[in-house]
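[1] Here's a sequence, model it:
(one chain, ligands or ions: 1)
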Amino acid sequence: MSEFSPGQRWISDGEAELGLGTVLNGDPRSVTILFSASQETRTYNTRQAPLTRVAFGSGDRVIAADGWQMTVDDSREHQGLIIYLGKDANGDACELPETKLADTMQFDQARDRLLTGQVDRNDWFDLRFRTLHHYQRTEKHPALGFAGPRIDLIPHQLYIADEVARRHAPRVLLADEVGLGKTIEAGLILHRLLLAGRVERALIVVPDSLTHQWLVELLRRFSLSVTLLDESQSQALGEGNPFDSGQIILASQGWLFANPNRQQQALASRFDLLVVDEAHHLDWREDGSGAGYQCVEALAAEIDGLLLLTATPEQMGVESHFARLRLLDPERYHDIARFKEEERHYADVAAAIEALDALPESADARAAIDAVIDDRESQALLATLANAEASDEQRDTARDQLRDALLDRHGTGRVMFRNSRRHVGGFPERRLHTATLALPSAYRRVLRRLERDEDYLDELLIETGLDHPDVLIYPDAMYRELSSDPLNAEDWWHVDPRINWLLEQLSDDSGSGFAGEKVLVIAHHRETAEGVAEGLRTLGGYHAPVFHEDLSLIERDRAAAAFADEEDGCQVLVCSEIGSEGRNFQFCRHLVMFDMPQHPDQLEQRIGRLDRIGQQHAIEIHVPQFEHSPGERLMRWYHEGMDAFSAPHGVGSDLFEAFGDALADALLDDEELDAIISETHAMYTAKLAERNAGRNRLLELNACRPARAARIIDAVRELDADKALPRYVERALDIFGVDSKDIGEGLIHLKPSQQMLDGLPGLAKGEDGFTATYNRDKALARDDVQPLSWEHPLVREMMGRIVDGTMGNTALALFKHPSIPGGRLMAELVFRTHCPAPKRLHLNRFLPPTAVRVLLDESGANLTDKISFTGLGKNLQKVNKSLSRDLIKSRHDQLRGLLDQGESEAERELSSIVEGAETRMRAQLDGELARLNALAEHNPAVRDAELAALESERAALSDAIETTRLRLDAVRVVITVDTDG
Ligand SMILES: Nc1ncnc2c1ncn2[C@@H]1O[C@H](COP(=O)(O)OP(=O)(O)OP(=O)(O)O)[C@@H](O)[C@H]1O
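    All right, here's what the predicted structure looks like:
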């Protein structure tokens with residue numbers, strides 16, 4: 001007769017998530033089970049049915065189909081069905097036939113699974129315990145989020161990322177000079193916040209030309225998958241809100257800023273972080289701000305976190321810069337006059353900071369510091385520092401604390417981070433090469449007439465439709481606009497000697513030319529860039545891709561890729577001004593400025609394409625210019641007036657504001673120009689000295705605090721060198737069914753096996769898998785090799801599945817040991833802390849899921865300290881599943897008792913875990929709050945909302961920690977066997 005009777009309750013061993021099944025009918029060969037909760041019906045062969053009969057025992061709690069609960073005392077059988085006897089919630093005696101058990105009852109908890117005979121493999125249990133251990137360790141590690149990305153450990157970037165990511169809803173301007181890694185900083189901040197659960201969704205808005213580069217950088221360096229949204233993609237997504245279609249949405253500014261409806265959708269989609277690249281384009285004016293500014297202003301009012309990125313914050317003028325600071329913190333930045341007034345005071349603060357090193361000896365230094373501090377705490381630190389009796393150590397500590405306090409309290413340092421080459425160091429030299437060419441007659445005609453005839457300029461502006469001074473600086477544009485003139489019948493590039501000069505340079509192999517080298521050509525206008533490419537092709541047979549703002553994204557990326565290709569790529573790429581902003585071309589060292597940009601910040605942006613982290617050579621800047629032309633005069637203004645080609649200096653905007661108009665009027669007159677150059681130079685020297693003593697100095701000192709940066713780098717290196725990682729990953733891969741093979745040189749190849757569990761990132765059955773390394777330098781050197789770390793998506797996925805799922809939460813094994821007699825039972829119980837708290841609190845930094853192991857023998861003796869997890873593991877042998885089930889069945893009552901006892905043993909550990917977490921939390925947040933409160937008294941850049949949020953975060957964390965409970969996470973039954981048996 002069949003062991004299955006209709007009405008009996010069974011569960012599927014392999015698919016416990018189906019819920020409680022009911023036997024519909026059974027015969028000696030097959031049985032059909034209905035899983036009502038999941039609306040599935042399955043028929044099994046009775047001899048191999050992967051099913052376990054559900055039988056509850058004394059103390060178990062069960063739920064009836066109509067919702068009430070009972071605690072089981074006993075059971076009896078009637079016609080093959082179990083009737084449970086027990087008490088309901090009021091303590092009244094009751095009965096419940098198994099047919100009336102709730103279909104939705106879940107058996108995923110270790111206790112239920114064990115007692116219903118669902119036993120996992122022993123090595124799964126082993127992996128589960130190890131996973132909990134490492135998860136706990138890495139979740140609260142100070143380098144969380146920084147160890148996984150494929151980056152060089154560059155101090156200023158890690159300092160900024162750490163400082164910003166620890167703030168509640170950070171709102172900052174990342175304003176490092178061009179090419180120092182703002183994208184990387186933003187990526188690091190995002191990565192940490194995502195891993196910490198503080199950000200769940202981010203919107204990244206970047207210039208059209210940079211969408212692909214961002215997409216690639218986020219994937220390649222941070223393993224972050226991004227949804228790139230444009231109009232066609234949005235339409236393809238159909239009815240819903242396209243901004244809801246991914247966790248990280250990347251949108252181009254051109255598209256979003258021009259589309260009010262899409263902006264409304266972006267506003268309606270809930271994001272926690274907004275990132276805006278090349279934010280200097282968000283222009284603000286009193287009489288009306290640009291569409292970009294308005295769009296970002298609306299989004300910034302809704303989204304808690306905001307990162308604005310720009311290397312040239314003042315490119316659109318100081319008012320626009322101030323308006324962008326206002327986006328970050330409207331309360332703090334509402335009065336530009338006050339802001340400017342504060343700036344005047346920065347030199348004193350910077351001087352005070354520098355003076356710290358002159359104490360205790362210098363009385364002047366003491367006076368300089370005294371003049372900028374007014375609180376008692378700082379006074380006390382100053383007294384220690386000035387006290388010749390104090391020990392060196394005391395003075396060092398006081399000096400560091402006072403430096404931090406001064407930096408924290410003054411300036412825009414809290415909202416704006418600006419590192420400069422001067423401060424970071426180690427950047428290549430820039431060399432300027434000019435080539436003076438004769439004006440072609442077509443240009444000369446017009447320019448000479450302009451010099452002679454003052455009224456001709458107006459006429460020319462009307463005739464060409466060009467602006468002043470464009471019409472003077474860009475003679476090719478003027479020529480194109482005058483194409484109806486029979487003398488201008490030829491294409492401009494036919495008559496312009498810069499093309500021939502470029503062709504000669506390209507083939508010049510004398511050492512001073514470009515032969516065999518990559519060359520980036522930048523011209524102001526798109527039409528000029530197109531003409532240069534056409535001229536090179538027609539006159540010299542060169543294929544030079546063009547890169548400008550009016551190309552589609554695909555065309556642009558194709559052009560950049562053709563240029564980047566080392567072996568088959570083309571020698572020259574011709575870019576327009578806007579089209580090339582933000583791009584990475586540091587593999588090339590020759591920059592041709594085909595013409596001059598109009599603003600010093602644009603000049604800096606141009607050089608920044610090559611002068612970036614990763615540039616290995618001195619940068620050769622080539623400028624072909626026409627003798628006695630406005631273009632040459634403009635270049636002299638840059639070069640002689642402000643030394644703009646040798647290094648970024650950050651005062652270009654001030655100079656442009658002061659002299660831009662006068663310069664435009666002097667472009668036809670050498671004498672006038674000479675006067676402007678010398679005035680510019682005088683102002684440049686003064687401004688530079690002022691900035692370097694004041695704001696810039698303060699910003700630099702604040703943008704990287706070396707001691708803290710060094711601590712973060714040490715923390716990352718500690719994880720890099722973690723020997724436990726490869727051991728863990730090997731084990732996990734084996735269990736998840738991924739073959740790993742050492743292929744030498746520190747590389748391993750991961751390949752899915754036929755048994756691989758589905759859904760592992762980067763791996764699909766039947767495909768080749770990928771090559772990976774634990775070595776940072778190797779991963780940096782080879783893009784095709786993935787960096788394996790605790791933060792790699794594959795490792796996190798495996799850990800997450802174990803921690804969040806049931807995998808390995810039960811096991812049974814035999815234990816052979818000469819000194820322990822056979823036939824005895826032990827229970828190895830792993831409890832885990834549970835503490836429900838909103839993700840954004842990032843509770844894991846103080847209290848990650850923490851495991852408590854308890855090992856009991858059948859008499860209830862606690863052997864936890866006597867036999868370690870690894871000690872026990874070494875002597876275990878596996879058992880097949882059906883024998884395991886029988887063994888568990890035969891020891892049900894004993895196991896129940898041990899499970900209950902284990903719970904009380906583990907409970908004893910709880911208070912110290914909770915206390916430890918509370919202490920850690922207090923140590924950090926009390927310190928931060930104290931610092932922030934002190935700061936708020938001096939520096940209005942501390943937002944009230946930030947203070948309030950930190951206070952409520954501390955209260956919420958404390959409440960959450962208090963509710964921590966221990967729950968059984970996993971249990972392994974161990975049966976001893978005689979060594980000879
Ligand atoms: N820590 C790092 N490790 C490896 N490469 C880096 C690192 N930081 C920056 N880079 C590389 O240096 C280049 C410049 O970095 P990034 O694009 O972030 O600079 P940026 O400050 O945003 O530049 P821009 O001002 O032009 O927008 C990029 O190619 C980037 O990949």
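
[2] how about the residues of the stretch 151-300 of the chain near the ligand?
    Residues of the stretch 151-300 of the chain lying near the ligand by Cβ under 6 Å from any ligand atom: 151, 152, 154, 157, 176, 178, 179, 180, 181, 182, 183, 184. The C-beta positions use only the backbone N, C-alpha and C, and glycine is treated the same way.

[3] Sort out which of the residues you listed are buried, if you could.
    151, 154, 157, 176, 178, 179, 180, 181, 182, 183, 184 (16 or more other Cβ atoms under 10 Å).

[4] Run through the residues that contact the residue lying closest to the fifth one once chain neighbours are set aside.
    Distance criterion Cβ to Cβ, 6 or more residues apart in numbering; nearest residue to residue 178, sequence neighbours excluded, is residue 608 at 2.7 Å. Counting by Cβ atoms under 8 Å, 6 or more residues apart in numbering, residue 608 makes contact with 177, 178, 179, 311, 648.

[5] Go again with 7 Å.
    The contact partners of residue 608, by Cβ atoms under 7 Å, 6 or more residues apart in numbering, come to 178, 179, 311.

[6] can you check residue 191 too?
    145, 149, 222, 224.

[7] So the first one versus the ligand, what's the distance?
    Translated: residue 145. Residue 145 sits 14 Å away from the ligand, going by Cβ to the nearest ligand atom, to the nearest Å.

[8] And for the last one?
    Taking Cβ to the nearest ligand atom as the measure, residue 224 and the ligand are separated by 14 Å.

[9] ok, that residue to residue 953 distance?
    Applying Cβ to Cβ, to the nearest Å, the value for residue 224 to residue 953 is 25 Å.

[10] ok, now the second one?
    For residue 149, the distance to residue 953 equals 26 Å [Cβ to Cβ].

[11] And the two? Which one has more around it.
    residue 149 (26 against 18; other Cβ atoms under 10 Å).

[12] The more buried one is in contact with residue 224, isn't it?
    No. With contact defined as Cβ atoms under 7 Å, residue 149 does not reach residue 224; the gap is 9.2 Å.

[13] where in the stretch 201-350 of the chain is pLDDT low?
    For the stretch 201-350 of the chain, the stretches flagged by pLDDT under 70 are 315-317.

[14] just the helices in it please.
    211-222, 231-236, 253-257, 260-268, 291-302, 318-328, 336-355 (DSSP state H, counting those that start in this stretch).

[15] can you put those helices in CSV and add distance to residue 511?
    Output for the helices of the stretch 201-350 of the chain, formatted as CSV (distance: least, Cβ to Cβ, whole Å):
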stretch, distance to residue 511
helix 211-222, 33
helix 231-236, 49
helix 253-257, 42
helix 260-268, 53
helix 291-302, 45
helix 318-328, 43
helix 336-355, 44
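
[16] Select, out of these, the one closest to residue 63.
    helix 260-268 (39.8 Å; Cβ to Cβ).

[17] ok, and what's touching the closest one?
    Under Cβ under 7 Å, 6+ apart, the answer for helix 260-268 is 203, 234, 241, 242, 243, 256, 295, 298, 299, 302.

[18] mind checking the backbone torsions on the residue lying closest to the fifth one once chain neighbours are set aside?
    Distance criterion Cβ to Cβ, 6+ apart; nearest residue to residue 243, sequence neighbours excluded, is residue 269 at 3.6 Å. Here is the backbone geometry of residue 269 (degrees, to the nearest 10): phi -80, psi 140.

[19] same deal with residue 237?
    Torsion angles, degrees, to the nearest 10, at residue 237: phi -80, psi -10.

[20] OK, contacts around it?
    With Cβ under 7 Å, 6+ apart, residue 237 has these contacts: residue 245.

[21] ditto for residue 278
    Counting by Cβ under 7 Å, 6+ apart, the residues that residue 278 touches are 207, 309, 310, 581, 582.

[22] list the contacts for the residue nearest to it when sequence neighbours are not counted?
    Of all residues not flanking residue 278 in the chain, residue 207 sits nearest, at 5.0 Å (Cβ to Cβ, 6+ apart). Counting by Cβ under 7 Å, 6+ apart, residue 207 touches 253, 277, 278, 581, 582.

[23] Distance to residue 193 added to those, as CSV?
    What follows is the contacts of residue 207, written out as CSV (distance: Cβ to Cβ, whole Å):
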residue, distance to residue 193
253, 22
277, 17
278, 22
581, 26
582, 22
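
[24] Can you tell me which of these is nearest residue 480?
    Of those, the one sitting nearest to residue 480 (Cβ to Cβ) turns out to be residue 581, at 23.5 Å.

[25] which of the residues in the strand ranked longest in the chain are buried?
    The longest strand of the chain (DSSP state E) is strand 965-977. Within strand 965-977, the residues scored as buried using 16+ other Cβ under 10 Å are 966, 968, 969, 970, 971, 972, 973, 974, 975, 976, 977.

[26] Just name the closest of the residues you listed to the ligand, please.
    Closest to the ligand out of the buried residues of strand 965-977 is residue 969 (38.3 Å), distances taken as Cβ to the nearest ligand atom.

[27] wait, doesn't that closest one sit right on residue 830?
    Yes. Between residue 969 and residue 830 there is a contact under Cβ under 7 Å: 5.0 Å.

[28] can you list residues touching both of those two?
    In contact with both residue 969 and residue 830: residue 851, using Cβ under 7 Å, 6+ apart.

[29] circling back: let's have the helices of the stretch 201-350 of the chain in a markdown table, adding mean neighbour count.
    Formatted as a markdown table, these follow (neighbours: other Cβ atoms under 10 Å):
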| stretch | mean neighbour count |
| --- | --- |
| helix 211-222 | 20 |
| helix 231-236 | 12 |
| helix 253-257 | 21 |
| helix 260-268 | 16 |
| helix 291-302 | 18 |
| helix 318-328 | 21 |
| helix 336-355 | 17 |
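
[30] Tell me the spacing between residue 583 and the ligand.
    Counting by Cβ to the nearest ligand atom, the gap from residue 583 to the ligand is 7 Å.

[31] where does residue 789 sit relative to the ligand, distance-wise?
    Taking Cβ to the nearest ligand atom, one finds residue 789 at 15 Å from the ligand.

[32] The residue lying closest to that residue once chain neighbours are set aside: neighbour count?
    Leaving aside its sequence neighbours, residue 789 sits nearest to residue 148 (Cβ to Cβ, 6+ apart; 4.5 Å). Residues lying near residue 148 (other Cβ under 10 Å) number 26.

[33] For residue 148, give me phi and psi.
    Dihedral pair for residue 148: phi -80, psi -40, per degrees, to the nearest 10.

[34] thinking it is in contact with residue 792, fair?
    Yes. At 6.0 Å, residue 148 and residue 792 qualify as touching, with contact defined as Cβ under 7 Å.

[35] Can you give me the end-to-end span of stretch 886-899?
    18 Å (Cα to Cα, to the nearest Å).

[36] thinking again about what came up before, can I get the buried ones among the residues of the stretch 151-300 of the chain next to the ligand in JSON lines including pLDDT and secondary structure?
    Below are those laid out as JSON lines (pLDDT from 0 to 100; DSSP: H, G, I helix; E, B strand; the rest coil):
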{"residue": "151", "pLDDT": "96", "secondary structure": "coil"}
{"residue": "154", "pLDDT": "94", "secondary structure": "coil"}
{"residue": "157", "pLDDT": "96", "secondary structure": "helix"}
{"residue": "176", "pLDDT": "90", "secondary structure": "coil"}
{"residue": "178", "pLDDT": "85", "secondary structure": "coil"}
{"residue": "179", "pLDDT": "86", "secondary structure": "coil"}
{"residue": "180", "pLDDT": "91", "secondary structure": "coil"}
{"residue": "181", "pLDDT": "92", "secondary structure": "coil"}
{"residue": "182", "pLDDT": "94", "secondary structure": "helix"}
{"residue": "183", "pLDDT": "95", "secondary structure": "helix"}
{"residue": "184", "pLDDT": "97", "secondary structure": "helix"}
